[in-house]
Structure formats: C-alpha cells, structure tokens
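Asker: Would you be able to build a 3D model of this:
(one chain, ligands or ions: 2)
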Amino acid sequence: MRLYNTLTRQEEEFAPLRDETVRMYTCGLTVYARGHIGNFRTFVALDVLRRALEYVAGFRIRQVMNFTDVDDRTIAESRAAGVPLREYTDQYIAAFREDAATLGLEPVEDYPRATDEENLRSMVEMIQALEANGHTYTSDGSIYFKIATLPDYGKLARLDHEGIKPGARIDADRYAKDDARDFVLWKATASDEPTWDFGVGPGRPGWHIECSAMALRLLDGAPIDIHAGGVDLVFPHHENEIAQAEGATGETFSRFWVHVEHLLFGEGVKMSKSLGNVFSVQDVLERGYRASALRYVLLSVHYRKQLRFTWGSLDQAEEALKRLIGCLARLEGIAGGADGQGGQAHPALADRVETARRDFAEKIEQDLNVPGALGVMFELVRHVNTALDDGELGPPDAAVVKTAFDGFDQVLGVMALRRAEDATPAVPVDEIERLIGERRAARARRDFAAADAIRDDLVARGVILEDTPAGTRWSLK
Ligand code: AMP
Ligand code: ZN
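Answerer: Numbering: from 1, shown residues only. Ligands and ions are numbered 1, 2, ... in the order given. All right, here's what the predicted structure looks like:
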C-alpha cells in the first residue's frame, strides 16, 4: 500500500510496524456544534483508508478517534448556552454517532473524550515529562512549550525558522502559521472555566496536548503508524502534537501523516462554522437526498484534492448509484435466486472480472486512488450490461461478478449503505404504528378525509398501507 506522507512530502510504501496491526489516530470532531459535511468529508475519506488497509492490504486495525470536548470553542459555546461543558458536548457526540452511522462509517476501536479522567491524567503526565526534559516554562500559572528547545520544531509544516519570534507566546488553541510561538500546554484556571488539578496546578489542557497524550496512551506508545486529519490541522495542531510527544518521549511520534483536503462550498470557500456556510448530514437528508449519495460524493474525489460540493453533485451521485444498483438487480435476476450453480460459464467474462478486481485493488493501493477505482468499477458495469444484453452471462458468471462487486463495496461502503437504507423505513416503525392507530380512529368517527390524509402522507414517505380483514398491514414501497 502506497501512501502520501505529509512529513516527507512523498508517497511511501506503508506497512504497520508491529504485529501486522495498523495503529492509527484520527483527530475527531470538536464537539461545540453538530459536525458539517466538510468534517464528514475527512471522516469518510479516512473510513475508506481504514477499509483499504483492512480489506485490500489485509492488515488488522486499531484506530482511535477522539472527541475534543474541552478547548476554547467548546468552553465559549457551552458558556453562551448556559449549559455545563460535559452536558453541552454530550449532545454533539450523540449527533456525531448518528451521522457517522448514517454515512456508513465503520466504528473505530476507541472514541476517547479529552475530559475523561484517565485522559486528563495522561496529559498531565506528558506535561511533567516535558518539564523534566526542559521544554517548558510557567507564566501566570499557565505552562507553555518553549519551541526554541526543539531544533526540528516546524518539520511537518516546514516552518521558516527566521520568522519565529523567540520568547513570544500564544494562548489560543487555533492560530496561523505566521504566528508560530511558544504555545500553551496547560491553561491556568480562568473565572467561569472548567478546571482540574492532577499535579501541574489548577487549570485545563490546551487542545494540542489532548491528542498527543490520548494517542500514545491508547495506541501503546510511540511510534504510532498513522496520524490523520484534515489539512487545516497540519499547523499548528499536528506540529504541536509532534513537539509534545517527541519532546516527552524522545521518539518519533507518528511514522505517517495523512491529511485530507477540504470540502469547499459555493464560491470555493472552505465549509466552516465560522463562515456560516455549513450543512449537516441531516440538512442534506432533509432536502430529500440519500446518505448513500452523500457518501458517494464525499469519497468520489481524491482525498488530496479539494472537493467542490454542489447540490447537483448529489443528483449525479444518485444517477451513478442507480446504474450500479440496476446492474446488480439484473445479475440477481440471472442468478434466479439460486446459488449460482448450473448454466453455462463464460471464461472470457471471468477473466474480465479478475482483471477488474486486480485493477481496482491496484488503484486503491496507489495512495487511495478512489476516482480511478470507481472508473474500473463502472467500466465493469458497462461490460456486464453489454454481456447481459447479448445473452453472454449465465448464472455461474453472475455469481463471480457479484462477488467482485461485494469486494469493491467493502472499500467503498456505498452499496451496503444503500441496502440498509432500503431495508429501513424513512418513517420510524412506532410512528407508522401510531399513524395507523390514528387512521383507524378517524375512520371510526367517519372522518375519511383525515384517514386518507394519513395514508397519503405515509405513501409519500414510502410506506404503503393495506387494509385486510385482520387489520391494516404496512409495507415499504
Ligand atoms: P474540528 O471539529 O474543527 O476539529 O474538525 C474535525 C475534522 O474535520 C478535522 O480533521 C478537520 O481538519 C476537518 N475539517 C474541518 N473543516 C473541513 C472541511 N471544510 N473539509 C474537510 N475537512 C474539514
Ligand atoms: Zn487532534
């Protein structure tokens, strides 16, 4: 598997260091608001990376994705809402889990929260190790990382050391590259802010120390194999994570750094809450699009290229998915519900399928060339449709082709998502049952207009009612 490593600015051959198990850390959501589809572009791309490492390269995976549930933004927003921090962030963690499932993200092995006590303790331990190694100083009760003590500070973001102002420091969690300064590890308690005291004085962690500490605690120490996130995290977040982890342990923090380019919206600006141009997964569904189409859009552009999101791109994705599903439905018809035995096999077609499987895997192994892999898959769709038209595809071939598509979908995860959507009514079952009860009551009082309105509403949402002597039954359209 070849992967582009931001640290070396090169594609490199990737294999895990220990036990054929990829130890991977992904910077998760800062839970001060519901995640938007820009965030999920990164999460979907990294889900495809996880699946590729698992199903194409054949490695085991141990992946950690954190929730940043204490930082400048979560504190500011929970305060504005008048809700305690932990309670405030709970709702966005729940929303993340819902959206992640909706988009078919494979669950990762661990979702730590920064404010869990064992994590806060590991942050304090890392700060103490940095103090012991001479990388810190204290000012007004806050502890800072002194970047001049680490000669290779800036190696990930390729900072120009000339521009760094020695001695100047910054308290904000997020700042620009030309503001490279000593950054805060532990912020002294400010009025109204949550505070913890586990050995370095009362205060709260800076954003960057959270990830360094949780990554090393949960992935069995340095070096981890892959650290990933969106491109905006290269500086300062990941640069500072390296400084902390390497300053504390003296070892390489992460062997590979993977960064996903941004999703842009409208006039080509980054989708971000601070710009007010955000849509959530739920917003997209409310416009009548399906999550499988959104997942397809989010993965269809190479992860190192910017993705310009438009509503039209969702329509195109829907078309592409229909082509795929249509082809699979025709194959099911050929297999005739049997196990694919019997009938004539066409060796040329089997060869063709084998070539497509190999090409698909090759594209994916080439720094996750998903657009290339999709091209291979749709070329096979075209070929299979032609063979079906010409009567040159029998039940044994259908089984071979279907297995190939199942293999593609282990990486892409769109068809499985589509099938799950089809099997799940858009209306929750208890709501359907409640509405059937209301309709029955309307009919009993001879309010047929109300009864019909209920039925029409359900039909519009894909649920069909059938009145039988045994009562009303429902099914999906
Ligand atoms: P945050 O909640 O800001 O910490 O971001 C969570 C993840 O989403 C990080 O990996 C970010 O780099 C990523 N991200 C934020 N905005 C975008 C965007 N517009 N496109 C792609 N990824 C993004
Ligand atoms: Zn992080």
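
Asker: what residues does the stretch 201-350 of the chain put near ligand 2?
Answerer: Selection of the stretch 201-350 of the chain residues close to ligand 2 by C-beta under 5 Å from the ion yields Cys211. Every residue, glycine included, has its C-beta placed from N, CA and C.

Asker: Smallest gap between the stretch 201-350 of the chain and ligand 2, at which residue?
Answerer: Cys211 (3.2 Å; C-beta to the ion).

Asker: Which strands or helices does the stretch of helix or strand that residue belongs to pack on?
Answerer: Assigned by DSSP states H and E, Cys211 belongs to helix 207-218. With contacts taken as 3 or more C-beta pairs under 8 Å, 6 or more residues apart in numbering; DSSP states H and E, helix 207-218 sits against strand 21-26, strand 60-65, helix 117-132, strand 182-188, strand 224-230, helix 239-249.

Asker: Show me the strands in the stretch 301-450 of the chain, by range?
Answerer: In the stretch 301-450 of the chain, the strands defined using DSSP state E, counting those that start in this stretch lie at 307-309.

Asker: Equivalent analysis for the stretch 151-300 of the chain, please.
Answerer: 169-170, 182-188, 203-205, 224-230, 254-260, 263-265, 269-270.

Asker: Turn these into TSV, including mean pLDDT and mean neighbour count.
Answerer: Output for those, formatted as TSV (pLDDT from 0 to 100; neighbours: other C-beta atoms under 10 Å):
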stretch	mean pLDDT	mean neighbour count
strand 169-170	94	16
strand 182-188	97	23
strand 203-205	98	23
strand 224-230	98	25
strand 254-260	98	23
strand 263-265	94	22
strand 269-270	86	14
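
Asker: nearest to ligand 1, of those?
Answerer: Counting by C-beta to the nearest ligand atom, ligand 1 lies closest to strand 224-230 out of the strands of the stretch 151-300 of the chain; the figure is 2.0 Å.

Asker: The closest one - which strands sit beside it in the sheet, and in what orientation?
Answerer: strand 21-26 (parallel), strand 254-260 (parallel) (DSSP bridges).

Asker: And the helices in the stretch 1-150 of the chain?
Answerer: 37-51, 72-81, 85-102, 117-132 (DSSP state H, counting those that start in this stretch).

Asker: What angle do helix 85-102 and the first one make with each other?
Answerer: Orientation of helix 37-51 against helix 85-102 (axes from the mean of the first three to the mean of the last three C-alpha atoms, to 10 degrees) gives an angle of 60 degrees.

Asker: Alpha carbons of helix 37-51, as PDB, please.
Answerer: The C-alpha coordinates for helix 37-51 follow below in PDB (Å, rounded to 0.1, in the frame of the first residue of the first chain):
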ATOM      1  CA  ILE A  37     -20.400  17.700   5.700                       C
ATOM      2  CA  GLY A  38     -16.900  19.200   5.400                       C
ATOM      3  CA  ASN A  39     -15.900  17.400   8.600                       C
ATOM      4  CA  PHE A  40     -17.500  14.300   7.200                       C
ATOM      5  CA  ARG A  41     -15.600  14.600   4.000                       C
ATOM      6  CA  THR A  42     -12.500  14.000   6.100                       C
ATOM      7  CA  PHE A  43     -14.100  11.200   8.200                       C
ATOM      8  CA  VAL A  44     -15.400   9.400   5.100                       C
ATOM      9  CA  ALA A  45     -12.000   9.600   3.300                       C
ATOM     10  CA  LEU A  46     -10.400   8.200   6.400                       C
ATOM     11  CA  ASP A  47     -13.000   5.500   6.600                       C
ATOM     12  CA  VAL A  48     -12.100   4.500   3.100                       C
ATOM     13  CA  LEU A  49      -8.400   4.400   4.200                       C
ATOM     14  CA  ARG A  50      -9.300   2.200   7.100                       C
ATOM     15  CA  ARG A  51     -11.300  -0.200   4.900                       C
END
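
Asker: okay, now the residue of the stretch 1-150 of the chain found nearest ligand 1: neighbour count?
Answerer: Closest approach between the stretch 1-150 of the chain and ligand 1, counting by C-beta to the nearest ligand atom: Gly38, at 2.6 Å. Residues lying near Gly38 (other C-beta atoms under 10 Å) number 23.

Asker: what's near enough to touch it?
Answerer: For Gly38, the contact set (C-beta atoms under 8 Å, 6 or more residues apart in numbering) comprises 230, 262-263, 265, 270-272, 278.

Asker: Could you point out which of the residues you listed is nearest to Leu307?
Answerer: Leu263 (4.8 Å; C-beta to C-beta).

Asker: That closest one pairs with what?
Answerer: Leu307.

Asker: ok, it touching Ile37?
Answerer: Yes - counting by C-beta atoms under 8 Å, Leu263 touches Ile37, with 6.3 Å between them.

Asker: and for these two, which residues touch both?
Answerer: Joint contacts of Leu263 and Ile37 (C-beta under 8 Å, 6+ apart) are 271, 298, 309.

Asker: Relative to Tyr111, how far out is the nearest residue to Phe198 once chain neighbours are set aside?
Answerer: Once flanking residues are discounted, Phe198 sits nearest to Val124: 4.4 Å by C-beta to C-beta, 6 or more residues apart in numbering. Per C-beta to C-beta, to the nearest Å, Val124 is found 21 Å from Tyr111.

Asker: about what we covered before: next, see if the helix holding Cys211 gets close to ligand 1.
Answerer: No - judged by C-beta under 6 Å from any ligand atom, helix 207-218 makes no contact with ligand 1; its nearest approach is 8.4 Å.

Asker: So which residues make contact with that helix?
Answerer: Contacts for helix 207-218 (C-beta under 8 Å, 6+ apart): 25, 27, 30, 64, 66, 68, 70-72, 110, 112, 114, 118-119, 122-123, 125-127, 173-174, 183, 185-186, 222, 224, 227, 236-237, 240-241, 244-245, 248-249, 253-254.

Asker: mind redoing it with 6 Å?
Answerer: 25, 27, 64, 66, 71, 110, 112, 114, 119, 122-123, 126, 173, 185, 224, 237, 240-241, 244-245 (C-beta atoms under 6 Å, 6 or more residues apart in numbering).

Asker: Likewise for stretch 309-328?
Answerer: 263, 265, 289, 293, 296-297, 381, 384-385.

Asker: Widest-spaced pair of the residues you listed?
Answerer: Phe265 and Val384 (36.0 Å).

Asker: So in this protein, which helix runs the longest?
Answerer: Criterion DSSP state H: the longest helix present in the chain is helix 311-335.

Asker: one step back: as a markdown table, the strands of the stretch 151-300 of the chain with distance to ligand 1 would be great.
Answerer: Compiled in a markdown table, those are given as follows (distance: least, C-beta to the nearest ligand atom, whole Å):
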| stretch | distance to ligand 1 |
| --- | --- |
| strand 169-170 | 18 |
| strand 182-188 | 16 |
| strand 203-205 | 15 |
| strand 224-230 | 2 |
| strand 254-260 | 6 |
| strand 263-265 | 4 |
| strand 269-270 | 5 |
